[in-house]
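Peer 1: Fold the following.
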Amino acid sequence: MNQPTKDIVSLIDHAILHPTATDEDLIAGCELAVNLGVATVCVKPYMIRRAVELTENSTVGVGTVIGFPHGSNSSMVKAAEAEQACLDGATELDMVVNVARVLENDWDFVTQDIATVHVIARSHQAILKVIFETDYLANEHITKLCDICSDLQVDFVKTSTGFGYTKRDSGDYNYTGATIDHIKLMLDRVVECVQVKASGGIRTYADAKALVDLGVTRLGTSASQAIADGGVGESY
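Peer 2: All right, here's what the predicted structure looks like:
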């Protein structure tokens, strides 16, 4: 792996989040993450303790998801998830906003929902990333969420879960994930202390490099090996 590739790989949160991912997948994923030198593994909440063991004595951190994938849990449930995740050893939390409340423009609710988890993250010195699920949103929703996250000074705003499927004209369900236009919008809108994580549909080195060149500082993908190899992989 050449240095430019290493630099990009070091920004990856390697996702082990598919509903069918087993302990065997966790072991393989953590081994891959350590070998590649990614930033973190992002795992399902019940996997946190084992992931901490598997990445021990490496530079790879352990993150998890809160209110995943639809953001529909109550704020108190999200807070409880965040608290337990930190106690189990997670140092990074990727929480999903309540998408329905965003679409309803219920910004007081949305702000309080994010703030509730933010308080828990801060109490454990954990990094908080707020997932917008941009496939469902208009630009006005994205800019307002950026403003809220800037006011709260969360650590990252993030595009997608990778599971935000919408019905297409063909009748099939699919998702887009991180797009150049949405990333530019988010980078332009957030304050300097808030970073941007691109996630969803990042399957190639070219995808990753294009996003990093824009100013993204973290990448969520399960195609880490393909990106490291300069090839094409499957990702959610």
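
Peer 1: from here on, contacts and neighbour counts on C-alpha atoms
Peer 2: Noted.

Peer 1: Can you find which helix in the chain contains the most residues?
Peer 2: Scanning the chain for the longest helix, with DSSP state H as the assignment, gives helix 107-123.

Peer 1: following it, which helix or strand comes up?
Peer 2: strand 127-131 (DSSP states H and E).

Peer 1: What is the helix or strand just after that next one packed up against?
Peer 2: Sequence order places helix 139-152 as the next helix or strand after strand 127-131, per DSSP H and E. On a contact count with 3 or more C-alpha pairs under 8 Å, 6 or more residues apart in numbering; DSSP states H and E, helix 139-152 meets helix 180-189.

Peer 1: how about 10 Å then?
Peer 2: helix 99-103, helix 107-123, strand 127-131, strand 156-158, helix 180-189 (3 or more C-alpha pairs under 10 Å, 6 or more residues apart in numbering; DSSP states H and E).

Peer 1: Tell me both backbone torsions, phi and psi, for the residue located most distally from the centre of the chain.
Peer 2: Farthest-out residue of the chain from its mean C-alpha position, per C-alpha atoms, centre = their mean: Ser170, at 28.4 Å. The phi and psi values for Ser170, taken as degrees, to the nearest 10, are phi -70, psi -10.

Peer 1: Which pLDDT value does the model give it?
Peer 2: For Ser170, the model assigns a pLDDT of 85.

Peer 1: next one: Val232
Peer 2: Taking Val232 on its own, its pLDDT is 65.

Peer 1: How about His14: which residues does it bridge to?
Peer 2: Note on His14: beta-bridge partners Val41, Thr221, judged by DSSP bridges.

Peer 1: Now render the helices and strands packed on helix 139-152 as JSON lines, adding mean pLDDT.
Peer 2: Formatted as JSON lines, these follow (pLDDT from 0 to 100):
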{"stretch": "helix 99-103", "mean pLDDT": "98"}
{"stretch": "helix 107-123", "mean pLDDT": "99"}
{"stretch": "strand 127-131", "mean pLDDT": "99"}
{"stretch": "strand 156-158", "mean pLDDT": "99"}
{"stretch": "helix 180-189", "mean pLDDT": "98"}
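
Peer 1: and Cys30, which of those is closest to it?
Peer 2: strand 127-131 (19.8 Å; C-alpha to C-alpha).
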